[in-house]
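1. Could you look at this predicted model? Sequence included:
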Amino acid sequence: MKTRLEDALQHCSPQLAAALRPYVMADTFKASFSAEEVSVLKHASGLSTTDLSLALLPLAASYAITPLSHFKVGAIAQGISGRWYLGANMEFASAPIQQTIHAEQSAINHAWMCNEPQLTAVTVNYTPCGHCRQFMNELNSAQQLTIYLPGRPPQTLHDYLPNAFGPKDLGITDTLFDPQTHAFAAQSDPLIQAAVDAASQSYAPYTHAYSGIALQIDNGYWVTGRYAENAAFNPSLPPLQSALIMMQLQGHSASAITRAVLVEVSDAALSQQSASAAILTALGGYSLETVTVAPK
Ligand code: THU
Ligand code: ZN
């Protein structure tokens, strides 16, 4: 990943590349920039906030995994805290094409997994597809969200998605990024507990089929992922995709997985089990443990 990041710096101005290098090359870099770092980068590059977000898109796109299209999309989700979260598309060879993760979903999931309370804007290097527009319409900031694209004036999400179908059409007032705390029984196994914690923060207002994933990484460390449901159902982000985004953005390849645990609600209306197991098989034959938990 370091080589890809270094290559991406070649697409930045020398001033921006010099300011970025110490952050990006640090072992602690996790594909996001704090408000303070954004301000340092603005100062060093002389760019406006918007132009800086556009200039960072090659860096975001360098995280893309595209064995099918070789088409790299980068996105930056801008949090109300001032932190910027990078994201990129991720494709899975040998799995159904519907399992693909779009760059906008990656950046937004990244911010959500870091407990960012709200997004103000998303910057992306290609016009967001219909699926991403619908995914973004689930956000608690859908009414105000600004979309920045190279060579286009800033526009709101609803300029891109007029007459939107959303949570309210299904009688739901909850939105994505509203804090979720669903209670489940505690588990003694720490990895299973991590997946339970992810499930308890998952967003599934339509089916209540809360779910979470924990992926153990070979260095004795794990990443988690939460299910993010969508009013139009198909753009929902499954918990495994959420966890794989976090792995990729933290610089770990899927080959680092040593154990995978899915936690689902018992007697749920739907299950992530078979789709998640299929992706883990496609990624290299990892087996999936599934634990069902009863709501407390
Ligand atoms: N892609 C995105 O990441 N975002 C969009 O909104 C447009 C499409 C990705 C998905 C797939 O990996 C590749 O671009 C080709 O469609
Ligand atoms: Zn899309």
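-> Right, received. Where do you want to start? Just so we're clear, the structure is a prediction, and the values are computed from it rather than from any experiment. Residues are numbered from 1 along each chain as shown. Ligands and ions are numbered 1, 2, ... in the order given.
2. Can you give me the buried ones in stretch 15-30?
-> By neighbour count with 16 or more other CB atoms under 10 Å, stretch 15-30 contains the buried residues Leu16, Ala17, Ala19, Leu20, Tyr23, Val24, Phe29. Yep, even glycine has a C-beta here, placed from its N, CA and C like the rest.
3. Which elements pack onto the host helix or strand of the third one?
-> This means Ala19. Counting by DSSP states H and E, the element that carries Ala19 is helix 14-24. Contacts defined by 3 or more CB pairs under 8 Å, 6 or more residues apart in numbering; DSSP states H and E place helix 14-24 against helix 2-9, helix 35-45.
4. Can stretch 82-89 be said to contact ligand 1?
-> Yes: interface with ligand 1: stretch 82-89 contributes Asn89 (CB under 6 Å from any ligand atom).
5. tally of neighbours for Gly212?
-> If you count neighbours by other CB atoms under 10 Å, Gly212 ends up with 30.
6. Let's verify it: helix, strand, or coil?
-> Look at Gly212: counting by DSSP: H, G, I helix; E, B strand; the rest coil, its state is strand.
7. can you tell me which residues contact the closest residue to it other than its chain neighbours?
-> Nearest in space to Gly212, with sequence neighbours left out and distances taken as CB to CB, 6 or more residues apart in numbering, is Ala198 at 2.8 Å. Neighbour list for Ala198: Gly212, Ile213, Ala214, Thr224, Gly225, Arg226, Pro239, Ser242, Ala243, Val263 [criterion: CB atoms under 8 Å, 6 or more residues apart in numbering].
8. which of the residues you listed sit farthest apart?
-> Largest separation among the contacts of Ala198 by CB to CB: Ser242 and Val263, giving 12.8 Å.
9. Now the common contact residues for these two.
-> Ala198, Ile213.
10. any low-confidence regions in the chain?
-> By pLDDT under 70, the chain contains no weakly predicted segment.
11. tell me which parts of it are close to ligand 2?
-> His102, Cys129, His131, Cys132 (CB under 5 Å from the ion).
12. go with 8 Å
-> For the chain, the residues in contact with ligand 2 (CB under 8 Å from the ion) are 73, 89, 102-105, 128-133, 135.
13. remind me, longest strand of the chain?
-> strand 257-265 (DSSP state E).
14. Please, where are all the helices along the stretch 101-250 of the chain?
-> 103-113, 130-136, 157-160, 190-200, 239-249 (DSSP state H, counting those that start in this stretch).
15. Looking at these, which one is packed in the most?
-> helix 103-113 (a mean of 27; mean count of other CB atoms under 10 Å).
16. Run the contact check for that helix versus ligand 1.
-> Yes: interface with ligand 1: helix 103-113 contributes Ala103, Glu104 (CB under 6 Å from any ligand atom).
17. now that helix against helix 190-200, angle please.
-> Helix 103-113 and helix 190-200 meet at an angle of 110 degrees, taking axes from the mean of the first three to the mean of the last three CA atoms, to 10 degrees as the criterion.
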